[in-house]
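Peer 1: have a look; sequence and predicted model below, questions after that.
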Amino acid sequence: MIYMGDFNGDGRFDQLDLVKVQIAAKYLAAQAATWGEGDWNGAPGGNPGNPQQGWGVFLKGAVSDGNPNYVQNSIIAGIGGTGLFRGRELDSFGVGYFYYDLSDALQETLSPRRERLSDEQGVEVYYSYAVTPWFYMTGDFQIIDPPRNVRENAVIAGLRANIRF
C-alpha cells in the first residue's frame, strides 16, 4: 500500500521520509518531481521523467449524522489519467461516479407531504484529445439520477475547445 508522503515505501510516513525529500531538493522547486521526491498531490505513479503521465484512482467516502449536513453519507470514486492509447500520451481521460445519501432531516423538511426525496447519484466520462500540444478538444458525458423521483434522469453531453499557452 502507498501512503501519502512515504518516500522510501516502508509503509510509514516519518521523519526519514522528510529528510530524503529534502535531500532530493525538488520539493517546492521549479523542477519536475516524482512521488518519491515529494510530489504528494495524490497522484502516485507516472513516469520518472514526466510525473504528469500515468493513471490514478480516487475514492472518497463520508459519513455524518445528517444534521446540519444535507448529505448524510456519500461516496465518490473514479479513475483517470493520460495515455489511454499508444501514441496518444498528451490525451487524458476520466471516469467518475458519485452517490449522495440525502439526510433524513432534509428529506422531511423539503417534502413532508409530497413524494419523498431519494438519494442522488451520477456518472461522468470525459476524454480530452490533443489535436496539437497546445490545442485540445474535450468530450464529456454525464448521467445524473436526481433526488426527486418525479424527474427523469438528466443526460448531459458537452464538447469544449481548450488552448493552452
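Peer 2: Happy to help now that I have it.
Peer 1: and Ala154, bridged to which residues?
Peer 2: Beta-bridge pairing for Ala154 (DSSP bridges): Ile144.
Peer 1: for it, list the residues it contacts.
Peer 2: By CB atoms under 8 Å, 6 or more residues apart in numbering, Ala154 lies in contact with Gln142, Ile143, Ile144, Pro146. Quick note: C-beta positions are derived from backbone N, CA and C, even for glycine.
Peer 1: now the element after the lowest-mean-pLDDT helix or strand in the chain, going C-ward?
Peer 2: The weakest-scoring helix or strand in the chain, judged by mean pLDDT, DSSP states H and E, is helix 15-24 (a mean of 69). Note on helix 15-24: by DSSP states H and E, the next helix or strand toward the C-terminus is strand 55-63.
Peer 1: and that next one, what does it pack onto?
Peer 2: Applying 3 or more CB pairs under 8 Å, 6 or more residues apart in numbering; DSSP states H and E, one finds that strand 55-63 contacts strand 71-82.
Peer 1: 10 Å - rerun?
Peer 2: strand 71-82, strand 92-102 (3 or more CB pairs under 10 Å, 6 or more residues apart in numbering; DSSP states H and E).
Peer 1: what are the buried residues along the first one?
Peer 2: Same thing as strand 71-82. Buried residues in strand 71-82, counted by 16 or more other CB atoms under 10 Å: Val71, Gln72, Asn73, Ser74, Gly78, Gly80, Gly81, Thr82.
Peer 1: right, and Tyr90 touches Thr82 too?
Peer 2: I think there's a mix-up here, since residue 90 is Leu and not Tyr. Yes: at 7.2 Å, Leu90 and Thr82 qualify as touching, with contact defined as CB atoms under 10 Å.
Peer 1: contacts for the helix or strand Ala105 falls within, please.
Peer 2: Element membership of Ala105, judged by DSSP H and E, is helix 104-110. If you take CB atoms under 10 Å, 6 or more residues apart in numbering as the criterion, helix 104-110 is touched by 65-72, 102-103, 116-119, 147-148.
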